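[1] no sequence for this one, just the structure:
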């Protein structure tokens, strides 16, 4: 297991370097003079030139790239116009809010999505299945920002139960979590239903029944373990995409996370900040994937000795 | 001796989208304590369906018992409630499956899988169950049972897994044992070893045993009596000795004729085979199902189904023109 972790973590710098390079090329190809942006709309030509020299933008691209990469290694993400300096501490300070939102969404998915899928499979082609499957289609079809707006209109404006924006205690987490988790819950419920139906046909279920176990016990003791294998994978992979989904939802609910910051960065053309946030997203995604693989080995004994 | 398990007129119906037909028709036989009855037949002849019907584990509503009784210890399993069936399955009737590769749960260690049945029916606690499972593993000749207890199925060979399945079926000292092709999925050497283990344990438990197989060599070595099935019906039933010495039904006769004999191996003759194929169960002829393939069939066979009747004491056959008993 330790060897496995070491190998997986060793790949992170390589992937990150690739992403850094691609981002560097993209942002250097964006039209417009970077120095002029940093200097501001009212700057004179000589001020712009001064900024250009100060930021090293007058140097050859290869040198700029080398400085960019070596800066990242020591935690210097460059000059952000928003924060007038290295944006890294500001990005990190936004990270907990985003992680809390993602964790809440995953927790809700596990609590609702998996049981819903199991119930639908157990009552296949009967009323509970129809109701759940219909809800699944509905939740998959509704975009999260629209669901978020509906929830705000209903829970905050009409009923006055919850705050409509910001992060003022656990109650503020409810609406963004629901908006973010809806699609994932539906996805997991639908997949769990399929996997349970497939597993129920397998020989080991017949063995369990031939032992004298009831259908319910065979399901709980024997089928669920095997259902967890693909379910963990899907939830894990989707966890990475939650980061992306949180961009819109965070803005909608004014949730002070990284996604909200990313939209701000884009709107003021703060390329350094955008690059920094994307870097954090990439690293988070990679770490989540490793965590999923560890979990996957935990639920699937066939992989443990491989 | 009065049979411990007797099946009386059992009919199992299969319903698919466009038709309903009988997979098992009017089956009647019994098994006594200490006896091994072999159910022999080709795929689709209704052998496994019979086993699942006795356990009441047919894939309902696709397959259902349409009529008949399954009498076991004064209870009719065909009409028994789910609660009493649960008390019987795995406890008083043990089932050994064909596929050792898939009949165990891949994500649970083998020991606890066997222990589960003991905890369920015998109320053993975890330690007592583990102790008993290790004993069982030793009985089914799993080497190093203590260590093997904690193996996952994928860490074991097919033969070892089948031993686990046998241990599972025998764990509660069942009165009835049903073995559905217990050695079919294994290689020949392993087959012989498993069969030996199975026979020894069956004899020591004294369970009334139904052995389902298509392998006549297994029958000859293991069974006391044989019931030959064709298209969902028993066509012939007698002692193993009698069946191999003097088969009376033309189908049985053809089956036995298709076994190669070592003595004749040098002759390099083509083995005799039964002409034609098994008819579809939903398109059976009104008379004898075997008639279209039967070399002895007469006019009567096409229109009138022969009843399964004693043609001599202890020998039943369903045929209008049975093969003459060998002199």
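    Nice, thanks for sending it over. Note that the coordinates shown come from a computational prediction; the quantities given were computed from them, not determined experimentally.

[2] show me the contacts for residue B:197.
    Shown in contact with residue B:197 (Cβ atoms under 8 Å, 6 or more residues apart in numbering or on different chains): B:140, B:141, B:163, B:166. (Each C-beta comes from the backbone N, C-alpha and C, glycine too.)

[3] Touching, the first one and residue B:165? I think so.
    No: look at residue B:140 against residue B:165 with Cβ atoms under 8 Å: they stay out of range, at 9.1 Å.

[4] Compare the two (neighbour count), which wins?
    Higher neighbour count among residue B:140 and residue B:165: residue B:165, with 28 against 23, using other Cβ atoms under 10 Å in any protein chain shown.

[5] Give me every residue in the stretch 1-150 of chain B lying close to chain A.
    Contact residues, the stretch 1-150 of chain B versus chain A (Cβ under 8 Å from any Cβ of the partner chain): B:55, B:57, B:82, B:86-91, B:95, B:97, B:99, B:102-109, B:116-117, B:120-121.

[6] could you redo the last one with a cut-off of 7 Å?
    B:55, B:57, B:86-87, B:89-91, B:95, B:97, B:99, B:102-108, B:116-117, B:120-121 (Cβ under 7 Å from any Cβ of the partner chain).

[7] In helices, which of those residues fall?
    B:55, B:86, B:87, B:116, B:117, B:120, B:121 (DSSP state H).

[8] now the strands for the chain?
    Assuming you mean chain A. Applying DSSP state E to chain A gives no strands.

[9] my bad, chain B
    Going by DSSP E, chain B shows strands at B:5-15, B:20-31, B:36-40, B:63-72, B:75-76, B:93-96, B:176-180, B:208-213, B:225-230, B:233-239, B:309-312, B:315-317.

[10] Kindly reformat these as TSV containing mean neighbour count.
    TSV is the format used below for the strands of chain B (neighbours: other Cβ atoms under 10 Å in any protein chain shown):
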stretch	mean neighbour count
strand B:5-15	19
strand B:20-31	20
strand B:36-40	25
strand B:63-72	18
strand B:75-76	14
strand B:93-96	28
strand B:176-180	25
strand B:208-213	26
strand B:225-230	25
strand B:233-239	24
strand B:309-312	12
strand B:315-317	21
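
[11] tell me the contacts of the nearest residue in space to residue B:233 that is not next to it in sequence?
    Leaving aside its sequence neighbours, residue B:233 sits nearest to residue B:25 (Cβ to Cβ, 6 or more residues apart in numbering or on different chains; 5.1 Å). The contact partners of residue B:25, by Cβ atoms under 7 Å, 6 or more residues apart in numbering or on different chains, come to B:11, B:232, B:233.

[12] hang on, the second one packs against residue B:22?
    Translated: residue B:232. Yes: taking Cβ atoms under 7 Å as the definition, residue B:232 is a contact partner of residue B:22 at 5.7 Å.

[13] For these two, list the residues in contact with both.
    With Cβ under 7 Å, 6+ apart as the test, residue B:232 and residue B:22 both reach residue B:281.

[14] Tell me which two of the contacts of residue B:197 sit farthest apart.
    Greatest spacing in the contacts of residue B:197, by Cβ to Cβ: B:141 and B:166 (9.8 Å).

[15] Which one's more surrounded, the two?
    residue B:166 (26 against 18).

[16] Check the gap between the spatially closest residue to residue A:282 that is not a sequence neighbour and chain B for me.
    Distances taken as Cβ to Cβ, 6+ apart place residue A:19 nearest to residue A:282, at 4.9 Å, with adjacent residues excluded. For residue A:19, the distance to chain B equals 36 Å [Cβ to the nearest Cβ, to the nearest Å].

[17] okay, now residue A:19: neighbour count?
    By other Cβ under 10 Å, the residues close to residue A:19 number 18.

[18] Tell me, what's the model's pLDDT at residue A:299?
    Residue A:299 is assigned a predicted lDDT (pLDDT) of 84.

[19] Correct me if wrong: it contacts residue A:231.
    No: with contact defined as Cβ under 7 Å, residue A:299 and residue A:231 do not form a contacting pair (8.7 Å).

[20] These two: which is more packed in?
    For residue A:299 and residue A:231, the more surrounded residue by other Cβ under 10 Å is residue A:231, and the numbers stand at 23 against 18.

[21] May I have the residues that are in contact with the residue in the stretch 51-200 of chain A positioned nearest to chain B?
    The minimum distance from the stretch 51-200 of chain A to chain B, using Cβ to the nearest Cβ, falls at residue A:199 (9.9 Å). Residue A:199 makes contacts with A:205, A:223, A:226, A:227, as judged by Cβ under 7 Å, 6+ apart.

[22] List, out of those residues, those positioned next to chain B.
    Among the contacts of residue A:199, proximity to chain B is found for residue A:226 (Cβ under 7 Å from any Cβ).

[23] Just give me the closest of the contacts of residue A:199 to residue B:173.
    Of the contacts of residue A:199, the one sitting nearest to residue B:173 (Cβ to Cβ) turns out to be residue A:205, at 24.6 Å.

[24] ok, the residue lying closest to that closest one once chain neighbours are set aside - how many residues close by?
    The spatially closest residue to residue A:205, leaving aside those adjacent along the chain, is residue A:218, at 5.7 Å (Cβ to Cβ, 6+ apart). Residues lying near residue A:218 (other Cβ under 10 Å) number 22.

[25] ok, residue A:218 touching residue A:204?
    No: using Cβ under 7 Å, residue A:218 makes no contact with residue A:204, being 9.0 Å away.

[26] ok, which residues in the stretch 201-306 of chain A are in contact with chain B?
    Neighbours of chain B within the stretch 201-306 of chain A, by Cβ under 7 Å from any Cβ: A:202-204, A:206-207, A:209-214, A:222, A:225-226, A:300-302.

[27] Buried ones only from these, please, as a PyMOL command.
    The buried subset of these, as determined by 16 or more other Cβ atoms under 10 Å in any protein chain shown, is captured in PyMOL by this line:
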select buried, chain A and resi 202+203+204+206+207+209+210+211+212+213+222+225+226+300+301
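
[28] residue ranges with poor pLDDT in the chain?
    Went with chain A since none was named. Applying pLDDT under 70 to chain A flags residues A:305-306.

[29] wrong one, I was asking about chain B
    Checking chain B against pLDDT under 70 turns up B:1, B:260-269, B:326-327.

[30] residue closest to the middle of it?
    In chain B, the C-alpha nearest the mean C-alpha coordinate belongs to residue B:212, at 2.0 Å (Cα atoms, centre = their mean).

[31] any idea how far that residue lies from chain A?
    Remark: distance between residue B:212 and chain A (Cβ to the nearest Cβ) = 14 Å.
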